[in-house]
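Peer 1: After the sequence you'll find the predicted model.
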Amino acid sequence: MESTDTLRKLKEQAETNALKRLQYEFSTPDQLEQIEQHILRNEKTKNMIESQLKSAIQSHFISVNSCMDQLKEINGNIKEVKNTIYSIQEEYKTISHLENTLGELRKEATKHKQLKSAKENVQNILNVKDLAKKAEQYIDDNNLLLAHKCLFDMEKCKNDILEELGNPSDKNHNIDDIKLVEEFFKKVKQLQDILHSNIFLIIKRMLEVSKSYPNQLVTALRIISREEALDEYWTKKKEETGFSPSDRPKRWKEECKETIRQTIETKIQGCWVDERDTNEKWFSNNLARINSRFLDDLEIVKRLCEPCFPPSYKIFEFYVENIINSISNHFHLLLDSNQLKDREFYILLSWSEAYKSKDFLGNPKFNIDLNKLPNILDDDHYKLALDRYLEYTNSNIKVWFQNTLTKNYNEWLTNKEPLLIDGCYESNIPNDLYSMLFQQFTFTDLIKDDRFFKEFVKYILSNLNIFHESLRGKLFDFKTCNSKPNEPSNEIITRMIASSNDCLRLKSSILELRDRFDTFMDKDEIGGPNDKYELLGSKMTNLSELCLDLIIEEMIKCLDEQYFKVLLSREWLTNNQVCDTIINTSTDFMQDLRYLRPVSQLKFLIKWHNRIKVEYMKGFFQNLSITKMLRKCQFTDPQERRLFTSKVEKEVAYLEDWFKRMATTLPDNKLFLEKCI
């Protein structure tokens with residue numbers, strides 16, 4: 001039913017498509033004239049398709065008939081095979097008792113086979129003892145090549161006999177025959193073991209042998225090459241016949257490389273002599289010992305061993321690779337077992353970069369492609385060492401900063417005069433911090449790792465910010481300890497001068513370290529809002545200016561009550577000493593302030609200039625007060641007003657002249673003259 005519906009749908013679809021095609025092809029009168037031609041062409045096409053369809057159906061039926069015939073034939077064959085198997089089983093039941101009857105015949109056949117094999121190899125068998133004696137003598141005489149030739153002949157004789165006896169996997173194979181042959185050639189196995197020991201002793205001591213007896217090394221390598229060729233021969237033989245001696249393949253070439261690898265590992269262990277308990281520099285000493293030992297070894301391998309080894313060994317590259325692997329494994333073990341601490345992590349990290357330098361593998365005479373060398377530490381252990389060293393560095397810097405500040409603060413309390421450097425007061429803080437930071441940045445620069453450097457800078461700047469806050473607190477503590485109620489403290493002024501200079505030195509040191517070491521910083525960021533060095537430098541500048549403010553507070557103590565408070569008062573109007581005293585006092589203080597850096601002296605003059613202006617303005621505003629009681633000066637007539645105005649103008653001119661004279665003695669005074677004069 002479904003097939004009928006499908007045919008009907010296909011017929012309807014064909015009629016619809018045909019109608020559409022007719023409408024498209026005969027849409028104009030010209031096309032209607034060609035209708036006969038179209039009918040003929042379609043008839044031909046129809047006849048051709050029908051012919052092809054008939055041929056296909058006929059071919060299909062022929063194939064089906066052929067398959068049916070073959071199936072009938074196969075069915076007949078299966079029945080015939082089944083009958084044959086059944087008849088064989090019936091016949092086997094009648095002769096199964098012959099297995100016991102023919103047992104003696106089987107033994108005689110086996111014996112005959114052994115005698116036949118012995119007859120064919122009788123000459124070789126008779127020569128085995130003589131060859132064994134010769135091989136033993138050759139080994140004693142250290143003539144290993146001839147010894148190997150004798151052993152080869154004996155081994156060949158043995159393998160030929162075993163091959164004649166048949167494949168061990170064969171059911172008819174007699175295990176007693178193999179035992180008999182193995183027992184007869186027992187001496188061969190013993191001599192092979194002795195030869196093997198001598199050869200691999202030479203390989204183990206190849207550096208020493210290559211210097212004194214290079215021919216022995218060449219002989220050992222030739223024998224190893226022969227054994228490799230025999231391994232290859234018997235591998236192919238086994239694929240062809242299924243037979244191979246039980247001791248093949250020997251893989252002496254692989255054993256040779258493994259011996260060299262173990263020798264390198266043993267040397268690494270031998271270099272690890274010092275322990276932390278007996279020598280605090282144990283780690284660096286052991287690394288230096290490794291460097292020196294293998295530098296000599298590589299030179300011998302390059303100059304003496306490489307000509308002895310076959311090119312396929314690539315012995316120099318192999319030796320370098322295994323030195324790196326052995327050292328790497330040893331370092332990983334040290335990290336996994338937590339045997340390193342503190343600065344030893346830095347020594348490890350720096351050595352993992354320095355091993356490619358000219359002092360070791362980067363030596364020009366080795367001609368090693370350093371770009372192809374692997375890293376000493378894998379990613380996980382490298383990250384572990386970096387993190388441990390960062391923890392140690394951060395803790396160390398934090399303690400060192402705190403101790404430096406504490407030590408200097410205790411010196412401040414003794415009121416010891418600061419250092420005089422280039423005509424300016426300073427303490428030891430800038431030099432101490434710069435030396436320490438320079439050392440740390442230098443260490444870090446040897447470890448070419450951007451992630452580590454960024455983390456290191458983060459810790460450094462964080463600790464410097466903490467140091468900045470601590471220094472600020474110590475300055476206020478010192479001011480509290482040395483402050484006097486109504487007179488300036490020379491100790492405070494001297495200390496603030498030195499601290500102001502210290503802060504500027506610290507800023508320049510921080511920016512110098514940035515420019516010298518921070519190669520990962522984008523040039524466009526330098527000096528910008530994201531420049532953390534610049535932000536810290538700005539904090540130091542602000543702290544320097546705070547010191548100037550504290551100096552001004554001390555200066556005001558001797559001017560505030562008697563002079564600033566009477567400015568623009570009636571007492572001031574009749575007293576010409578007020579302005580003179582302010583100027584003279586300022587001049588005296590400027591003598592002390594000459595130990596400030598010139599840029600700070602200019603900033604101080606600006607601050608002092610602004611402070612004096614504030615004191616005068618306070619007087620003006622007080623005189624403008626609505627409350628008469630608060631006014632400093634109440635004028636009784638115009639004459640007093642003119643006197644007041646004249647005095648103010650005179651003192652302003654006098655003060656401006658003083659500030660100008662002070663500023664002109666300093667370099668880069670343009671800023672002050674523009675802002676204040």
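Peer 2: Cool, got the structure. Numbers count the residues shown, from 1 in each chain.
Peer 1: what are the ranges of the strands in the protein?
Peer 2: Under the criterion DSSP state E, the chain contains strands at 419-421, 424-426.
Peer 1: Which strands or helices does the first one pack on?
Peer 2: Just to be clear, that refers to strand 419-421. If you count contacts as 3 or more CB pairs under 8 Å, 6 or more residues apart in numbering; DSSP states H and E, strand 419-421 packs onto strand 424-426. (Each C-beta comes from the backbone N, C-alpha and C, glycine too.)
Peer 1: Listing partners with orientation, what would you give for the strand it packs on?
Peer 2: Using DSSP bridges, strand 424-426 pairs in its sheet with strand 419-421 (antiparallel).
Peer 1: okay, the strands of the chain, which one's buried deepest?
Peer 2: strand 424-426 (a mean of 22; mean count of other CB atoms under 10 Å).
Peer 1: Export stretch 401-413 to CSV, keeping only CA atoms.
Peer 2: Extracted in CSV, the C-alpha atoms of stretch 401-413 (Å, rounded to 0.1, in the frame of the first residue of the first chain):
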residue,chain,number,x,y,z
PHE,A,401,64.5,48.4,56.4
GLN,A,402,63.2,48.3,60.0
ASN,A,403,66.6,47.8,61.5
THR,A,404,68.1,50.5,59.3
LEU,A,405,65.5,53.0,60.5
THR,A,406,65.8,52.0,64.1
LYS,A,407,69.6,52.2,64.0
ASN,A,408,69.5,55.7,62.5
TYR,A,409,66.8,56.9,64.9
ASN,A,410,68.9,55.9,67.8
GLU,A,411,71.8,57.9,66.3
TRP,A,412,69.4,60.9,66.0
LEU,A,413,68.6,60.7,69.7
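Peer 1: That one: which residues count as buried?
Peer 2: Neighbour-count burial for stretch 401-413 flags Phe401, Thr404, Leu405, Asn408, Tyr409, Trp412 (criterion: 16 or more other CB atoms under 10 Å).
Peer 1: Repeat that for stretch 378-398.
Peer 2: Burial within stretch 378-398, assessed by neighbour count using 16+ other CB under 10 Å, is assigned to His381, Tyr382, Leu384, Ala385, Leu386, Arg388, Tyr389, Leu390, Tyr392, Thr393, Asn394, Ile397.
Peer 1: Who are the contact partners of the last one?
Peer 2: Which is Ile397. Ile397 sits next to Met436, Gln440, Tyr459, Ile460, Asn463 when contact means CB atoms under 8 Å, 6 or more residues apart in numbering.
Peer 1: Repeat that for the first one.
Peer 2: Going by CB under 8 Å, 6+ apart, His381 touches Phe331, His332, Leu335, Asp336.
Peer 1: same thing but at 7 Å, please
Peer 2: With contact set as CB atoms under 7 Å, 6 or more residues apart in numbering, His381 has these partners: His332, Leu335.
Peer 1: separation between it and Ile268?
Peer 2: With distances taken as CB to CB, to the nearest Å, His381 is found 17 Å from Ile268.
Peer 1: Likewise for Ile582?
Peer 2: Taken as CB to CB, the span from Ile582 to Ile268 is 79 Å.
Peer 1: do Asp336 as well
Peer 2: Distance from Asp336 to Ile268, by CB to CB: 16 Å.
Peer 1: More neighbours: these two, which one.
Peer 2: Neighbour count, other CB atoms under 10 Å: between Asp336 and Ile268, Ile268 has more, with 20 against 10.
Peer 1: In space, what's closest to that one - neighbours in sequence excluded?
Peer 2: Ser326 (4.8 Å; CB to CB, 6 or more residues apart in numbering).
Peer 1: Wait, the one you found touches Thr263, no?
Peer 2: No. In terms of CB atoms under 7 Å, Ser326 does not count as a neighbour of Thr263; the distance is 9.9 Å.
Peer 1: thinking again about what came up before, now the contacts of Ile397 as a markdown table including distance to Cys308 and pLDDT?
Peer 2: Below are the contacts of Ile397 laid out as a markdown table (distance: CB to CB, whole Å; pLDDT from 0 to 100):
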| residue | distance to Cys308 | pLDDT |
| --- | --- | --- |
| Met436 | 53 | 87 |
| Gln440 | 49 | 81 |
| Tyr459 | 53 | 84 |
| Ile460 | 54 | 86 |
| Asn463 | 58 | 88 |
